[in-house]
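S.K.: Have a look; sequence and predicted model below, questions after that.
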Amino acid sequence: MKIVVAIKQVPARDSLLKVNPSGTWIEDADLAYEINEPDAYALEAGLQLKEKQGGEVVVLCAGPERAGQTIREALAKGADRAIHIETADQGVTDPLALGRILAKALEGEQPDLVLTGLQSDDLGFGQTGVIMAELMGLPHGTLIMNIEPEAGGIRVKRELEDGWFQHVDMQLPALLTIQSGATKLRYATLMGIKKAKSKEVRKLAAAELIGASASSIRVERIYLPEKSKKSQIFEGPPKEAAAQLVEKLRFEARVI
Amino acid sequence: MSGVLVFIEQNQGKLHKMALEALAAGQQFAAELGLPLFAAVPGSADALTGYKIDKVHSLSHELLKDYTPDGYTTALRQLIEAHKPRFVVFPHTYQVRDYAPKLATALGRVLVSDIVGHRIADGSLVAIRQLFQGKMNADVRFEGDAPHLLSVQAGAFRADTLQAGSPTVETFTPELSAAQIRTKPLELFRESARAVDLGAAEIIVSVGRGIKEAENIEIVRKLADALGAELAASRPICDNGWLPMERQVGSSGQTVAPKMYVAVGISGAIQHLVGMKGSKTIVAINKDPEAPIFEVADYGIIGDLFQVVPALIEELKK
């Protein structure tokens, strides 16, 4: 089975973010980056499926040069090769344009299964996989917890709201977005890290994959959210802060 | 028609709890932009006949009875192309996340997903959505030709602002064949019965990633005991198996609104916030002053939970 896993590099989870002076994006020069966590689960699902079924796992990533590090980490965990679509520093922020680039890069690959995370921790549109499915003409499923190969296709377990689940049958090729947390993530082994150095990373340029086309949306500005509630925040020594909080809960909120 | 079209999620004849919030958003947009309001609903329109809507399109087709992304995309695309709305509004549900990006792509548009608010500028709509797990907001403008598609976050618009009225109802029968539907949905199921009803708890103490290790949950359990509270958690804690799934609060777990909700080491990703932001009093303990949980908190302590929680327990015993 040939499995493509689309991954993204995003600012590390605990990053303190600042808006840049023009208010168009964050100050991204000094940030640490890591794999988008939901995509790490998609990679894990792909690697597990390969271990069961045999085949190949190809990592697909669109991002600036720095994304190369995240790609190497995915190879170190066991992916066989990678396609790195190089973009400008900020990456591609229009979900439809990104979907077009990713779909275009896969022309000629003919994967049986394309996997990706359910959403990105930076832009959070939660759409890349579904957009790719439409552009590639594939059936899809989202928020997938489990994939079982069946005669002529797969049976997937989909998460619904409020603790409900559903099995869905579909034929291959197909695209799935993987729900986070369904399995444990593996670490790269020393051997894996060593092997990753010699694995193939094919480089493509985003600008050459699709021509410039007008986006149907424009991010006008970004900013820190205004607080919707007036919070009373206590800082300082824990003992004092705790005493102040308990006082408020007893005599102001009257909840204890 | 060039108005605002709201898609009402209804499964097996039952309205989704967020459907009326999307309708409330649609009523607001239509009123502010001076546009007519339309709604589309799969199956019977009975649940909508009391609201101020100009016209309801009841989508009628055997193949829409069970949700499939192919069936819904095909049907809605036909409705949109026939009636040419300027805006299409969805509730940001799991189902909408499954098909609306496909529909938008088929129409050559970007769905502006999960908006938390809006404003009107220059006679058009500016959507506000979150970035970086709620740490930043972005103002997003629609460019080019209609339709403009957007989905609204749970709780961002209030169903209790809905205006009453009596819409006309029209049946829309899409052209749809079984061959177009490539996935086969099977029965819905639940993993296990829920033994814990967090919905009934007056006080909930909830623990998140900040706890770092399973053994550390004990100190949060002690805080829950000191408050006479139920213990709950955000998703990563339950995914790790540190607490059972039935104690998970958030979009994939339970939705709660207790008298007091104490969030310990929870950053406040939106998937968690939608499950608890209706709580009467919210207390947050987190070391990151920028954590989104503080945006919904009434009271907060910025500090190391491993020092703050024991101090709190001590103080509560006094």
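M.R.: Alright, I've got the coordinates. Residues are numbered from 1 along each chain as shown, chains lettered A, B, ... in the order given.
S.K.: Every contact and neighbour count from this point should use C-alpha atoms.
M.R.: Noted.
S.K.: where along the stretch 101-250 of chain B do the strands fall?
M.R.: B:111-121, B:124-131, B:136-142, B:148-152, B:168-172, B:183-190, B:203-207, B:230-233 (DSSP state E, counting those that start in this stretch).
S.K.: Switch these over to TSV; also include distance to chain A.
M.R.: TSV is the format used below for the strands of the stretch 101-250 of chain B (distance: least, C-alpha to the nearest C-alpha, whole Å):
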stretch	distance to chain A
strand B:111-121	6
strand B:124-131	5
strand B:136-142	4
strand B:148-152	8
strand B:168-172	24
strand B:183-190	4
strand B:203-207	9
strand B:230-233	14
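S.K.: can you put these in TSV and add mean pLDDT?
M.R.: Output for those, formatted as TSV (pLDDT from 0 to 100):
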stretch	mean pLDDT
strand B:111-121	96
strand B:124-131	95
strand B:136-142	96
strand B:148-152	97
strand B:168-172	97
strand B:183-190	94
strand B:203-207	97
strand B:230-233	96
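S.K.: possible to save those strands as CSV with mean neighbour count?
M.R.: Formatted as CSV, the strands of the stretch 101-250 of chain B follow (neighbours: other C-alpha atoms under 10 Å in any protein chain shown):
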stretch, mean neighbour count
strand B:111-121, 19
strand B:124-131, 21
strand B:136-142, 22
strand B:148-152, 26
strand B:168-172, 16
strand B:183-190, 14
strand B:203-207, 25
strand B:230-233, 26
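S.K.: Tell me where chain A has helices.
M.R.: A:37-53, A:67-77, A:95-105, A:128-136, A:190-196, A:206-209, A:238-251 (DSSP state H).
S.K.: Least confident of those helices, on average?
M.R.: Mean pLDDT is lowest for helix A:206-209 among those, at a mean of 92.
S.K.: helices or strands up against it?
M.R.: Helix A:206-209 sits against helix A:95-105, with contacts defined as 3 or more C-alpha pairs under 8 Å, 6 or more residues apart in numbering or on different chains; DSSP states H and E.
S.K.: elements contacting the helix it packs on?
M.R.: Using 3+ C-alpha pairs under 8 Å, 6+ apart: helix A:95-105 touches strand A:56-63, helix A:128-136, helix A:206-209.
S.K.: ok, and what's touching the longest one?
M.R.: Applying C-alpha atoms under 8 Å, 6 or more residues apart in numbering or on different chains, the contact partners of helix A:128-136 are A:95-96, A:98-100, A:102-103, A:115-119, A:139-140, A:142, A:174-177, B:98-99, B:101-102, B:105-106.
S.K.: quick one: that helix to helix A:95-105, angle?
M.R.: 60 degrees (axes from the mean of the first three to the mean of the last three C-alpha atoms, to 10 degrees).
S.K.: Just give me the neighbour total for residue A:84.
M.R.: Residue A:84 has 24 neighbours, counted by other C-alpha atoms under 10 Å in any protein chain shown.
S.K.: Look up the pLDDT of it for me, please.
M.R.: Residue A:84 is assigned a predicted lDDT (pLDDT) of 98.
S.K.: mind checking how far it is from residue A:207?
M.R.: 13 Å (C-alpha to C-alpha, to the nearest Å).
S.K.: does the strand ranked longest in chain A come close to chain B?
M.R.: Counting by DSSP state E, the longest strand found in chain A is strand A:140-150. Yes: judged by C-alpha under 8 Å from any C-alpha of the partner chain, strand A:140-150 comes into contact with chain B at A:140, A:141, A:142.
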